[in-house]
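S.K.: the sequence isn't on hand, but the structure is:
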């Protein structure tokens, strides 16, 4: 649903001095002729009905409607191309783009030089890419409902919103369903992706070479992967929800100097958090719950700070692939571990004993999975008892010297919890589509 109140308020905004309102009736070529005859600042009001595309907006205009006006590209190319600064497209339904991936066909495309575009409260249905912000600076994409394609294979679909080399873009309050990725940002910077909802996609948010940016307050439900930050530096990932995603809730792959906080991942992901060759990140006050692995930490990732996080009910809390001794507490504050039988005799909220989530047998099981058949044998139990009694025998790995006694809570609104319940068990059916999330080179 398009936010009606926001649309009404936007329509009531005062017009620029000298601007005219022009009503455009449906019909072949009528909309492009109206654009050609308009002056900068004019407002074109599209009457309900079908307005055949494709169209190009080459001057500073506002296109608006009540949601009953439809611009249809007829299955060829991009439906609406914005080639001028200070253009607003509001309250329209845009559909019928082509499906040529090499041309990046889209419902709405914002070209380089088309700065300060405003794409507000539209419906974008069945296009290859919903909105392609392709070089225009300081774009605002807010309150849109985007539904992509459900075929062919997922990797051959387009993204709900594609941001390429578009500094200052703000993507806020949109809902994206179907297609490939909810938002894919590539070679950009200073972007903000805030308070969007993503469902039935490959990745909810996918960052590549996008620095100094923010991903906050977003919701990922039933996607193959929630929030993937790859080859990007100084990204803030905060207050997001990953509910019922399949592979990873949050992935940091060659991502450095980031701030990951206040996120909730739960509902059966293979890995709540995957850290691969990522350095100097602050990871705090997150809740990682009911995953196959709470956190998988590998490829020489160093100088990361983990504190205040809660690890609850994961089949394996930590998989640390490395030989170094790593401390996961900061300024005498560690993390909560649901499998730590802790005591707190002085009542300061910090457990009296340190916690090590892994031992030598875990390292053996990671490299030789068939050894799981021996986990209940007397020999394995003797090894584990010996390590607990003689800590010098322990291999390198994670130690939390100041574990917390209580986990933090991150509430989920009732409507989102219902959506989470609706996708529960989805991945047990083997719905992997056509790509391998563990093949990092395929992203």
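M.R.: Yep, it's here. Quick caveat, the model's predicted, so the values are computed rather than measured. Numbering: from 1, shown residues only.

S.K.: alpha carbons only for contacts and neighbour counts from here, please
M.R.: OK.

S.K.: wait, residue 220 touches residue 197, no?
M.R.: Yes - taking contacts as C-alpha atoms under 8 Å, residue 220 lies within contact range of residue 197: 6.2 Å.

S.K.: who has more neighbours, those two?
M.R.: Neighbours per residue, other C-alpha atoms under 10 Å: of residue 220 and residue 197, the larger number sits with residue 220, 30 against 22.

S.K.: list the contacts for that one?
M.R.: By C-alpha atoms under 8 Å, 6 or more residues apart in numbering, the residues touching residue 220 are 197, 198, 199, 204, 226, 240, 241, 242, 243, 245.

S.K.: in helices, which of these appear?
M.R.: With DSSP state H as the criterion, helices contain none of the contacts of residue 220.

S.K.: which among those gets closest to residue 356?
M.R.: Among the contacts of residue 220, residue 242 lies closest to residue 356 (C-alpha to C-alpha), at 26.4 Å.

S.K.: give me the below-cutoff pLDDT ranges for this protein.
M.R.: 1-18, 299, 358-396, 429-443 (pLDDT under 70).

S.K.: hmm, back to that, which one of the contacts of residue 220 is nearest to residue 159?
M.R.: residue 204 (9.8 Å).

S.K.: for residue 154, phi and psi?
M.R.: Dihedral pair for residue 154: phi -60, psi -40, per degrees, to the nearest 10.

S.K.: what about it, distance to residue 128?
M.R.: Remark: distance between residue 154 and residue 128 (C-alpha to C-alpha, to the nearest Å) = 11 Å.

S.K.: again with residue 210
M.R.: Residue 210 is 23 Å from residue 128, where distance means C-alpha to C-alpha.

S.K.: before we move on, what about residue 414?
M.R.: Applying C-alpha to C-alpha to residue 414 and residue 128 gives a distance of 32 Å.

S.K.: between those two, which one's more packed in?
M.R.: For residue 414 and residue 128, the more surrounded residue by other C-alpha under 10 Å is residue 128, and the numbers stand at 30 against 9.

S.K.: still on that earlier bit, and which of the contacts of residue 220 is nearest residue 293?
M.R.: The closest of the contacts of residue 220, once distances to residue 293 are taken by C-alpha to C-alpha, is residue 245, at 13.3 Å.

S.K.: the closest one reaches residue 272, doesn't it?
M.R.: No - between residue 245 and residue 272 there is no contact under C-alpha under 8 Å: 9.2 Å.

S.K.: the two: who's more crowded?
M.R.: residue 245 (36 against 33).

S.K.: need phi/psi at residue 32.
M.R.: According to degrees, to the nearest 10, residue 32 has phi -70, psi -30.

S.K.: without its sequence neighbours, what residue ends up closest to it?
M.R.: residue 55 (5.9 Å; C-alpha to C-alpha, 6 or more residues apart in numbering).

S.K.: number of residues surrounding the one you found?
M.R.: With other C-alpha under 10 Å as criterion, residue 55 counts 21.

S.K.: all helices for this structure, in order.
M.R.: Along the chain, the stretches classed as helices by DSSP H are 4-11, 30-36, 360-367, 378-389, 414-423.

S.K.: contacting residues for residue 318?
M.R.: 293, 294, 295, 296, 297, 357, 358.

S.K.: how close does it sit to residue 336?
M.R.: For residue 318, the distance to residue 336 - C-alpha to C-alpha - is 12 Å.

S.K.: residue 293 too?
M.R.: 15 Å.

S.K.: with residue 158 instead?
M.R.: For residue 158, the distance to residue 336 (C-alpha to C-alpha) stands at 40 Å.

S.K.: neighbour-wise, which of the contacts of residue 318 leads?
M.R.: Neighbour max across these (other C-alpha under 10 Å) = residue 294, 30 neighbours.

S.K.: what about the closest residue in space to that residue that isn't next to it in sequence, neighbour count?
M.R.: Of all residues not flanking residue 294 in the chain, residue 317 sits nearest, at 4.5 Å (C-alpha to C-alpha, 6+ apart). Residues lying near residue 317 (other C-alpha under 10 Å) number 25.

S.K.: contacting residues for residue 317?
M.R.: Contacts of residue 317 by C-alpha under 8 Å, 6+ apart are 293, 294, 295, 311, 337, 357.

S.K.: distance to residue 183 added to those residues, as a markdown table?
M.R.: Putting these into a markdown table (distance: C-alpha to C-alpha, whole Å) gives the following:
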| residue | distance to residue 183 |
| --- | --- |
| 293 | 26 |
| 294 | 25 |
| 295 | 24 |
| 311 | 28 |
| 337 | 33 |
| 357 | 35 |
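
S.K.: out of the residues you listed, which comes closest to residue 84?
M.R.: residue 295 (46.1 Å).

S.K.: that closest one touches residue 274, doesn't it?
M.R.: Yes - judged on C-alpha under 8 Å, residue 295 makes contact with residue 274 at a distance of 5.8 Å.

S.K.: which ones are touching the closest residue in space to residue 20 that isn't next to it in sequence?
M.R.: Among residues not flanking residue 20 along the chain, residue 42 sits closest, at 4.8 Å (C-alpha to C-alpha, 6+ apart). Residues in contact with residue 42, defined by C-alpha under 8 Å, 6+ apart, are 19, 20, 21, 22, 60, 61, 62.

S.K.: I'd say the second one and residue 37 touch.
M.R.: No - with the criterion set as C-alpha under 8 Å, residue 20 and residue 37 do not qualify as a contacting pair; they are 11.5 Å apart.

S.K.: the more surrounded of these two?
M.R.: The residue with more neighbours, out of residue 20 and residue 37, is residue 20; 15 against 9, by other C-alpha under 10 Å.

S.K.: look up how far residue 87 lies from the more buried one.
M.R.: 15 Å.

S.K.: repeat for residue 420
M.R.: 37 Å.

S.K.: neighbour count winner among the two?
M.R.: residue 87 (25 against 20).

S.K.: can you get me a residue count around the nearest residue to residue 424 once chain neighbours are set aside?
M.R.: Leaving aside its chain neighbours, residue 424 sits nearest to residue 244 (6.3 Å; criterion: C-alpha to C-alpha, 6+ apart). Number of residues near residue 244 (other C-alpha under 10 Å) recorded here: 31.

S.K.: over to residue 135?
M.R.: 21.

S.K.: that one contacts residue 113, doesn't it?
M.R.: Yes - between residue 135 and residue 113 a contact is recorded at 7.0 Å, counting by C-alpha under 8 Å.

S.K.: cool, thanks, signing off.
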